[in-house]
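Asks: let me see the structure of the following:
(2 chains)
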Amino acid sequence: MKIMQRLTAMTPALLGIGLLLAGWQGVVLLFDPPRYILPGPARVALVLWSHHSLLLHHGLITLLEILGGFVLGVSLGVLTALALSVFPTLRRTLLPLLLVTQAIPVFALAPILMLWFGYGMLSKIIMAMLIIYFPVASTSYDGLRQTPPGWLELATTMGATPFRRLWFIRIPAALPSFASGLRMAATAAPIGAVIGEWVGSSAGLGYLMLQANGRMQTDLMFAALVVLVAFAVTLYFLVDGLCRQLLPWQPDRRHNDD
Amino acid sequence: MPSTRAVAVDPPTVRLDDVHLAYDDSPLFEQLELTLPAGSWTCLLGRSGCGKSTLLRLIAGLATGGESRFTLSTDDQSPLRHRIAWMAQQDLLLPWSRVIDNVTLGSRLRGQTTDRERAHELLAAVGLTHAAQRRPEALSGGQRSRIALARTLYEGASVVLMDEPFASLDAITRLELHELAARLLAGRTVIMVTHDPAEALRLADRLLVMHGLPATLSLHEAPSGTPPRDIHDAELITHQRQLLDLLNEQTAPTDIAVGQQ
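Replies: This next block holds a predicted model:
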């Protein structure tokens, strides 16, 4: 029943995707561009099938990089936010530093990361981690800072200890902000991993795309892109669904759309 | 009965002496005095912004944003800290906690074992036994206020500080909450801040009106009869008229002064 409802709710989105694919195929049929410029969706689907073990091999590597970066970046970001809100001294020393480091374009760090951490998965994991670290840290810290004062005052009159006030009030109150940080991280982590692979790697979807590009296998590039999009979308919806499950008191954001 | 905090035994008389409070050198209180007699309900009536909530916050030990000094004492010589319960204008229920856990919040914040049995008794007392496992969002404003009242009672405090706790409720619900609060808080030292003369007259054993700058307190005789008094009572209505006139007079001169500028 629930699954049916979900499917019905998703119909417009699926219809949109279907229209896009049809339009794409239409353009290809109509103008007949060379295959190395624009392969049609049918062609891409064919390559997806014929090269599935190659895509799977490189896809798994990218997936591990994305997940590794996601877990590390989220953990570090949350720990930073907690530390900042608990220790005022840290706030004065670390916060300005954090803001300054944000002025460095993370992409520009990629070559240095290759130099330090090699061409393997580690440098990509660190790249993805760096990209999501700051958004997660700053949204979580904002959430921890913006506890409605009434709750804190109530806790004061109840004789709460600082740790229990943090645990029972400030952290739960920050969860919605933390959830938006997580959603942001879910979309940014794949970017970090692929950028890392472009700068220097010997495996992964980013590597595969560069190789295919060099050989004018545009259809394979598209196929790799499809796999990447599938990862990113799946990760986003998993995270989003988890956040909804864990925050049942938060009003559904879809109700405020218009 | 096992309890995490003593249940309203021997409410103290609370005295606030020599209260000074200033915001940027403009004084709100100067040498103000306030006595809350043991076991009676004091209502502090005044117009919005007169400083009545600020005075309450001083007793509660909450920040006022101004520079203050005052002496807070009790007749039994033991400190007031850990003997107060606070009920604010918003119900302050935690949306992520079930109703029962909201009631027992104080225990968890102090690291004591929760007394769920007593929490259930209190929920029964406010007529919400069925809602124990629900989340606050599913409840009406009146129900939420009842839970806030149960949470206040759960603290077992002998001194209860209320800052317009019923101001956001509709008229009928507010009257119901008055009855409930008067019954359940009987025997404690209560101070309730309100801007509604009818509410003050219905509930007060002692009625203080706050006005002026720096603020002063004047005692207004409460109507006869025991709270909660009937809202339609002729005596109460006479008193209400007097109070409305009084509140109106107090601000009139400043209004004119502003108008002439």
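Asks: can you spell out which helices and strands pack onto the helix or strand hosting residue A:4?
Replies: Using DSSP states H and E, residue A:4 sits within helix A:2-31. For helix A:2-31, the contact count by 3 or more Cβ pairs under 8 Å, 6 or more residues apart in numbering or on different chains; DSSP states H and E identifies helix A:41-50 as packing neighbours. Glycine gets a C-beta too; all of them are placed from N, C-alpha and C.
Asks: chain A contacts on the stretch 1-150 of chain B?
Replies: B:60-62, B:81-82, B:84-86, B:88, B:90, B:92, B:94-97, B:105-106, B:108-111, B:135-137 (Cβ under 8 Å from any Cβ of the partner chain).
Asks: can you rerun that using 7 Å?
Replies: By Cβ under 7 Å from any Cβ of the partner chain, the residues of the stretch 1-150 of chain B that approach chain A are B:60-62, B:82, B:84, B:86, B:88, B:90, B:92, B:94-96, B:105-106, B:108-111, B:135, B:137.
Asks: what about residue A:199, neighbour count?
Replies: 19 (other Cβ atoms under 10 Å in any protein chain shown).
Asks: so which bits of the helix holding residue A:4 are buried?
Replies: For helix A:2-31, the buried set under the neighbour-count rule, 16 or more other Cβ atoms under 10 Å in any protein chain shown, comprises A:24, A:28.
Asks: and it, average pLDDT?
Replies: Helix A:2-31 shows an average pLDDT of 88 in the prediction.
Asks: cool, and stretch A:40-49?
Replies: Here the average pLDDT along stretch A:40-49 is 92.
Asks: ok, residues contacting it?
Replies: A:21, A:24-25, A:28, A:35, A:55, A:219-220, A:222-223, A:226 (Cβ atoms under 7 Å, 6 or more residues apart in numbering or on different chains).
Asks: quick one: distance of the helix holding residue A:4 to the chain centre.
Replies: Relative to its parent chain, helix A:2-31 has a centroid offset of 24 Å by Cα atoms, centre = their mean, to the nearest Å.
Asks: tilt between it and helix A:41-50?
Replies: Our comparison of helix A:2-31 with helix A:41-50, counting by axes from the mean of the first three to the mean of the last three Cα atoms, to 10 degrees, yields an angle of 120 degrees.
Asks: list of residues touching stretch B:97-110?
Replies: Residues outside stretch B:97-110 that contact it (Cβ under 7 Å, 6+ apart): A:155, A:158-160, A:164-165, A:168, B:4, B:93-94, B:113-116, B:119, B:122-123, B:128, B:131-136, B:147, B:150-151, B:154-155.
Asks: in ChimeraX, how would I select just the buried ones from the residues you listed?
Replies: Only the buried entries of the contacts of stretch B:97-110 go into this ChimeraX selection, using 16+ other Cβ under 10 Å:
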select /A:155,158,159,160,164,165,168 /B:4,93,94,114,115,119,122,123,128,131,132,135,136,147,150,151,154,155
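Asks: which of the contacts of stretch B:97-110 fall within helices?
Replies: A:155, A:164-165, B:116, B:119, B:122-123, B:147, B:150-151, B:154 (DSSP state H).
Asks: and the two most separated of these?
Replies: A:165 and B:123 (24.5 Å; Cβ to Cβ).
Asks: in the stretch 151-261 of chain B, what residue is nearest chain A?
Replies: residue B:155 (6.8 Å; Cβ to the nearest Cβ).
Asks: helices along the stretch 151-261 of chain B, start to end?
Replies: In the stretch 151-261 of chain B, the helices defined using DSSP state H, counting those that start in this stretch lie at B:171-184, B:197-203, B:234-260.
Asks: tell me the helices and strands packed up against the first one.
Replies: In other words, helix B:171-184. helix B:141-154, helix B:197-203 (3 or more Cβ pairs under 7 Å, 6 or more residues apart in numbering or on different chains; DSSP states H and E).
Asks: average pLDDT across the first one?
Replies: The average pLDDT for helix B:141-154 rounds to 94.
Asks: again with stretch B:104-112
Replies: The model assigns stretch B:104-112 a mean pLDDT of 94.
Asks: just stretch B:80-99 next, same as before
Replies: On average, the pLDDT along stretch B:80-99 is 92.
Asks: go on, stretch A:152-171?
Replies: Mean predicted lDDT for stretch A:152-171 stands at 94.
Asks: what residues does the stretch 101-250 of chain A have near chain B?
Replies: Of all the residues in the stretch 101-250 of chain A, those lying near chain B are A:150-151, A:153-161, A:164-165, A:168, A:172, A:249, going by Cβ under 7 Å from any Cβ.
Asks: from those residues, which single one is nearest residue A:67?
Replies: When these are compared against residue A:67 (criterion: Cβ to Cβ), the nearest one is residue A:172, at 26.4 Å.
Asks: name the nearest residue to the closest one, sequence neighbours excluded.
Replies: residue B:96 (4.8 Å; Cβ to Cβ, 6 or more residues apart in numbering or on different chains).
Asks: ok, residue B:16 next?
Replies: Nearest non-adjacent residue to residue B:16 (Cβ to Cβ, 6+ apart): residue B:34, at 4.3 Å.
Asks: now do residue A:227
Replies: With Cβ to Cβ, 6+ apart, the residue lying closest to residue A:227 is residue A:59, at 4.8 Å.
Asks: cool, residue B:205 as well?
Replies: residue B:40 (4.0 Å).
Asks: with that, I have no additional questions.
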